[in-house]
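> my questions concern the predicted model and sequence given below.
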Amino acid sequence: MIYRNKRNNHRLSESSLTIVIKVGTTSICDEKTHFPVLSNLSSIVETVLKLKSLGHRVVLVTSAAVGTGLRRLNMEERPKTMAALQAVAAVGQGRLIRLYDDLFGQFHQPVAQILLTKNDLSDRGQYLNAVGCLEEILDMGVIPIVNENDTICPSEIRFGDNDTLSAIVAGMLKADYLYLLTDVDCLYTDNPRTNPDAKPVSICRDILVLKQQVCVASRGSSLGTGGMSTKLIAADLATAAGVRTVITHGAHPQNILSIIEADDAGQLIPDVQTPVVTDDNFSARGLPLHTLFTAKNNPLIDRKWWILHGLHTAGRVYVDEGAVKAITSELRSSLFAAGIIQVEGHFADHQAIEVYGRKIVSGEKREVLVAKGLVNYSSSEISRIKGCKSQDIPDILGFMDAECVIHRDNLVRVLKVAESW
């Protein structure tokens, strides 16, 4: 029996799962004609309804607003300017949700449109409201259909692609599964279209090890914004929140049912504990091709997940080796002004910033992302107190809101151990 996500209180039963399915542009729109691929869409709808009939809660994260808009406007290529892209997305989004509503409507299944930006999640209250709204929609038996709000979203607050957005949604809902439907069967050790010796990856327990063994340089389609590299980013985000993540082919969404059934029966994960497992025997085991990323055993708690992935990064500070060791130690110290070397960007107090460690190795400067957190002081104030002791802050600034720049409760470590730097 697979692990059920007991953190989620909104359960129909012990066997009920929360499943987020990300549908890529190529699964919805023909890359050349931009016409909707109705056979794929119908299969996706039927799969979602089958999952729902089994008692599971399903969220769709969908791309293709731009592709649908291009078809409506008889445009052959994506516009180059942001304003034109936003205009095309505005045309396409309404037609896209209507297409879903028409297909689900054939089975009397209501759907809800949810358009998000990072800005919507940057405020803790708004983040919790978004979570509450999604939970309520699911409890009503409605299928949420989520997309990024391309029409009003500037580049600095974009999720970047819907792979990332789907991982954020899965983390918000503490989902059991995230399915990334794409135009290949699974992740391969190399591009199978150009390398016949490429092997399918069946299990990934460590994405850092995977990146050393697998080539993911290929980009997405001419319509889509993502490639396999964005799938790995999404898998990294989702598994950190305790969400099992699966890459499989978007043309066969019914495989989701087979994968869940096999996982429930304990048939997916072999006894071998290697970080990355390749497998040429999917068909012999009666399984569809896919890649499963196992969830982390110690997922981030909700607030720290929100800080790390829900908040826009407003700037960064660079800290010395001593600060890196203190932050990454078992005691997980707060960040104090004395360890700060440099401030970059313009930000206000209580905004989220990244913390980078810096040291000189063999005459070369080495920098690494250590943590992300909410600051107690603005960038201009930190520039004045950097390198100073906490007791000197009142004399320098004329006040002291806090002894530390980032309190450890508002600090999320990215680098786990200083020695790995």
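Sure, I can see it.
> how about residue 211: what's its closest non-neighbour residue?
Distances taken as Cβ to Cβ, 6 or more residues apart in numbering place residue 232 nearest to residue 211, at 6.9 Å, with adjacent residues excluded. Where C-beta positions appear, they are placed from N, C-alpha and C, glycine not excepted.
> tell me which element that neighbour falls in.
For residue 232, the host element (DSSP states H and E) is helix 228-240.
> so how far is that helix from its chain's centroid?
Centroid separation between helix 228-240 and its chain, computed with Cα atoms, centre = their mean, to the nearest Å, is 6 Å.
> what's in contact with it?
Identification of contacts with helix 228-240 by Cβ atoms under 8 Å, 6 or more residues apart in numbering yields 22, 160-161, 163-164, 166-168, 170-171, 175, 178, 180, 182, 184, 187, 204, 207, 210-211, 216-218, 220, 245, 247, 293-296, 299-300, 305, 308-309.
> which of those fall within helices?
Counting by DSSP state H, the part of the contacts of helix 228-240 found in helices is 163, 164, 166, 167, 168, 170, 171, 207, 210, 211, 305.
> need the buried ones from the residues you listed selected in PyMOL.
The PyMOL selection below is limited to those of the ones in helices among the contacts of helix 228-240 classed as buried (16 or more other Cβ atoms under 10 Å):
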select buried, resi 163+164+166+167+168+170+171+207+210+305
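> dump the ones in helices among the contacts of helix 228-240 to CSV, plus pLDDT and distance to residue 360.
Shown next, in CSV, are the ones in helices among the contacts of helix 228-240 (pLDDT from 0 to 100; distance: Cβ to Cβ, whole Å):
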residue, pLDDT, distance to residue 360
163, 89, 37
164, 87, 34
166, 93, 40
167, 92, 36
168, 90, 36
170, 94, 40
171, 92, 37
207, 86, 29
210, 87, 31
211, 82, 26
305, 88, 34
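> so which of the ones in helices among the contacts of helix 228-240 would you say is closest to residue 285?
Comparing the ones in helices among the contacts of helix 228-240 against residue 285 with Cβ to Cβ places residue 210 closest, at 21.3 Å.
> how close does the residue nearest the centre of the chain get to residue 254?
In the chain, the centroid-proximal residue (Cα atoms, centre = their mean) is residue 167; its distance is 2.9 Å. Separation of residue 167 from residue 254 (Cβ to Cβ, to the nearest Å): 23 Å.
> alpha carbons only: can I get the helix holding residue 232 in CSV?
Coordinates of each C-alpha in helix 228-240 appear next as CSV, following Å, rounded to 0.1, in the frame of the first residue of the first chain:
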residue,chain,number,x,y,z
MET,A,228,12.7,18.4,-19.9
SER,A,229,14.9,20.7,-17.7
THR,A,230,11.7,22.4,-16.4
LYS,A,231,10.2,19.0,-15.6
LEU,A,232,13.2,18.4,-13.3
ILE,A,233,12.8,21.7,-11.6
ALA,A,234,9.1,21.0,-11.1
ALA,A,235,9.9,17.5,-9.7
ASP,A,236,12.5,19.0,-7.3
LEU,A,237,9.9,21.5,-6.0
ALA,A,238,7.1,19.0,-5.7
THR,A,239,9.1,16.2,-4.1
ALA,A,240,10.5,18.7,-1.5
